[in-house]
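*Asks:* Quick check, what structure comes out for this input:
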Amino acid sequence: MGARHWVAASCAVVIASGCAAPDARQEDAGADSAAAEARDDAVTAVYDCPGGRSFVARIQGDTAWLFLPGITVPAIHTPSGSGAKYTDSVVTFWSHGDEAMIEAPGFEARECRNNRRAAIWEHAKLNGVDFRAVGNEPGWHLEISRGRSIEFVTDYGQARYDFRAPEPDVDQDGARAVYRTGDSDHELVVQLEGRRCFDTMADDEYETAVTVTLDGRELRGCGRALH
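*Replies:* Numbers count the residues shown, from 1 in each chain. A predicted model of the protein is given here:
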């Protein structure tokens, strides 16, 4: 879906995921805490394999969730002489550092390597993040989880801020959405503009230009919808 449609949607960070009714998005503190703990324990990798193929593996406890073309397989950890091995008796996945191999019906690959940059974005997506943005000088990233939270990490990871995610002010004609949030100590304003944006340091192109203002300090970067 285009960036203009994204920022013009009436429920903010909705893109393809649609708008949930406000009551449906309310979660008690205990559920939020348990979900956050599960996400913190997970490790996500995006493996690029010979022949242009790729797959995603997400390790949570003793289970490797393998996202293969057209199917998701939960494989269980099993003893191995080298590296980590997971299987469901039909699909087998091994990993050792950034390298992996997989044997599955219709999908067998060796010498696959983790694409760490892609894995960061996939990890956020699987954590339920709807929109992610990055910027430089200083390095920062922003993650918006619709109806739940906005996480802002800046100064090359040295400073982290977590705020509730409000409904944004949306300018449909200008393809712009603005989030205003904060707490007793800080004020955060996030502006999303539906236009092409280039990260020259990473040589990447994005669909949305992002301006983040924390307590009057303005930073610019680029982002994209994850759902």
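*Asks:* which residue is nearest the middle of the chain?
*Replies:* residue 124 (2.1 Å; C-alpha atoms, centre = their mean).
*Asks:* SS state for that one?
*Replies:* Of the three states, residue 124 takes helix under DSSP: H, G, I helix; E, B strand; the rest coil.
*Asks:* Tell me if I'm right that residue 141 and residue 133 touch.
*Replies:* Yes: with contact defined as C-beta atoms under 8 Å, residue 141 counts as touching residue 133 (6.6 Å). Yep, even glycine has a C-beta here, placed from its N, CA and C like the rest.
*Asks:* neighbour-wise, which of the two wins?
*Replies:* residue 133 (26 against 18; other C-beta atoms under 10 Å).
*Asks:* Ignoring the adjacent residues along the chain, who's closest to that one?
*Replies:* residue 223 (2.9 Å; C-beta to C-beta, 6 or more residues apart in numbering).
*Asks:* For the one you found, give the beta-bridge partners.
*Replies:* residue 133, residue 208 (DSSP bridges).
*Asks:* before we move on, what about residue 43?
*Replies:* Bridge pairing for residue 43 - DSSP bridges - gives residue 59.
*Asks:* That one and residue 63 touch, don't they?
*Replies:* No: judged on C-beta under 8 Å, residue 43 makes no contact with residue 63 at a distance of 11.5 Å.
*Asks:* Looking at these two, which one has more neighbours?
*Replies:* Under the neighbour definition other C-beta under 10 Å, residue 43 and residue 63 were set side by side, and residue 63 has more, 15 against 12.
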